[in-house]
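>>> Provide a 3D model corresponding to the input given below.
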Amino acid sequence: FCLQQVVVENELGGLVGALDGKYILPGPGGDPIRNPDVLPTGKNMHALDPQSIPTSAAVDCAKVVVDRLLERLPADKGGEDPEAIAFTLWGTDNIKTY
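Numbers count the residues shown, from 1 in each chain. Got it, this is the predicted structure:
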C-alpha cells in the first residue's frame, strides 16, 4: 500500500513543483507505519506536528513538576517569588521520540 500510494501521488511532482517556485502544502514527515498521515508524499515536510506535541500526558506531568517547583522556589530564595521562569522544548529530542 505505501509504495503504491507514493508512486500514485507522485513525490517527484512535489519536488518539481518546489523547484519551479510553486507553493507546496506542508505536512508531516516520518515513518508512514507510525504515522499514516505522512502519505501522500511530495509535501513540504515538517518534523513535528504542533497539534500533537506536547501530549496531554506530558502536560499533566509538567503541571505536577512546575507546581512543585513553584512551591519550593520561595523557600530556596528566602521567601521571594522568581522574577521569570523559562521553558525550553528541545526539537531534536522530540523528533527522536515522536
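>>> From now on I want contacts and neighbour counts done on CA atoms only, so please keep to that.
Noted.
>>> how many neighbours does residue 46 have?
Neighbour count of residue 46, defined by other C-alpha atoms under 10 Å: 13.
>>> And for residue 80?
10.
>>> my guess is it contacts residue 70, does it?
No: the criterion here is C-alpha atoms under 8 Å, and residue 80 misses it with residue 70 at 10.8 Å.
>>> What segments of the protein are strands?
26-28, 44-46 (DSSP state E).
>>> Ok, which of those strands comes nearest residue 52?
Comparing the strands of the chain against residue 52 with C-alpha to C-alpha, the closest turns out to be strand 26-28 (11.1 Å).
>>> Are there helices or strands packed against the closest one, and which ones?
Applying 3 or more C-alpha pairs under 8 Å, 6 or more residues apart in numbering; DSSP states H and E, we find strand 26-28 packed against strand 44-46.
>>> List the neighbouring strands of the strand it packs on plus their orientation.
Using DSSP bridges, strand 44-46 pairs in its sheet with strand 26-28 (parallel).
>>> Compute the mean per-residue pLDDT across the strand it pairs with, please.
For strand 26-28, mean pLDDT rounds to 82.
>>> Kindly provide the distance from residue 62 to residue 19.
For residue 62, the distance to residue 19 equals 42 Å [C-alpha to C-alpha, to the nearest Å].
>>> between the two, which one's more packed in?
For residue 62 versus residue 19, neighbours defined as other C-alpha under 10 Å are more numerous around residue 62 (13 against 10).
>>> What's the separation between residue 61 and residue 86?
With C-alpha to C-alpha as the criterion, residue 61 and residue 86 are 17 Å apart.
>>> Between those two, which is the more surrounded one?
Set residue 61 next to residue 86 and count neighbours by other C-alpha under 10 Å: residue 61 wins out with 11 against 4.
>>> so how far is residue 26 from the more buried one?
30 Å.
>>> go on, residue 51?
Going from residue 51 to residue 26 by C-alpha to C-alpha gives 14 Å.
>>> Just want to know which of those two has more residues nearby.
Ranked by neighbour count (other C-alpha under 10 Å), residue 51 and residue 26 place residue 26 first, with 11 against 7.
>>> Tell me which residues touch the more buried one, please.
Going by C-alpha atoms under 8 Å, 6 or more residues apart in numbering, residue 26 touches 43-46.
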